[in-house]
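pasting the sequence and the predicted coordinates here, then a few questions.
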Amino acid sequence: MGILRQVAEYLYIKKRDPNAPHSKWMRYMHGINRISIFMFLIALIIIILKIFVFHRR
């Protein structure tokens with residue numbers, strides 16, 4: 001499985017593979033990965049805003 005496909009599944013852009021194994025620990029791992037991706041995207045947006053919008057001259 002490709003990295004972009006996995007990220008799309010974490011962000012609910014693409015449906016999960018129905019043949020993938022289902023376990024409690026796998027769900028925990030995917031949940032933590034989903035949280036970390038959201039935090040990274042929010043931090044990236046804040047950095048871009050600080051550089052381009054709130055830049056002091």
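That came through, no problem.

name the nearest residue to the residue nearest the centre of the chain, ignoring sequence neighbours.
The chain has I37 as the residue nearest its centroid, 2.9 Å off, counting by CA atoms, centre = their mean. Closest residue to I37 apart from its sequence neighbours, by CB to CB, 6 or more residues apart in numbering: Y10 at 5.6 Å. C-beta coordinates here come from the backbone N, C-alpha and C atoms, glycine included.

and the pLDDT for F40?
For F40, the pLDDT comes out at 92.

just the element for it, please.
Using DSSP states H and E, F40 maps to helix 24-52.

measure how far that helix is from the centre of its chain, please.
Mean C-alpha position of helix 24-52 versus that of the full chain (CA atoms, centre = their mean, to the nearest Å) differs by 5 Å.

what about F38, distance to I47?
According to CB to CB, to the nearest Å, F38 stands 15 Å off from I47.

same check on H55?
H55 is 12 Å from I47, where distance means CB to CB.

try V7
Counting by CB to CB, the gap from V7 to I47 is 19 Å.

more crowded one of the two?
Neighbour count, other CB atoms under 10 Å: between V7 and I47, V7 has more, with 14 against 10.

that one contacts S36, correct?
No - V7 is beyond contact range of S36, at 11.0 Å (criterion: CB atoms under 8 Å).

shaky segments in this protein?
For the chain, the stretches with pLDDT under 70 are 1, 12, 14-15, 17, 57.

how far does stretch 5-23 stretch from start to finish?
One end of stretch 5-23 to the other measures 20 Å (CA to CA, to the nearest Å).

quick check: buried residues in it?
Using 16 or more other CB atoms under 10 Å as the test for burial, stretch 5-23 gives 6, 9-10.

going by distance to A20, which of these wins?
E9 (9.1 Å; CB to CB).

secondary structure element holding that closest one?
With DSSP H and E as the criterion, E9 is inside helix 3-10.

show me what that helix is packed up against.
Secondary-structure packing of helix 3-10 (3 or more CB pairs under 8 Å, 6 or more residues apart in numbering; DSSP states H and E): helix 24-52.

and the angle for the helix it packs on with helix 3-10?
Compare the direction of helix 24-52 with that of helix 3-10 by axes from the mean of the first three to the mean of the last three CA atoms, to 10 degrees and you get 100 degrees.
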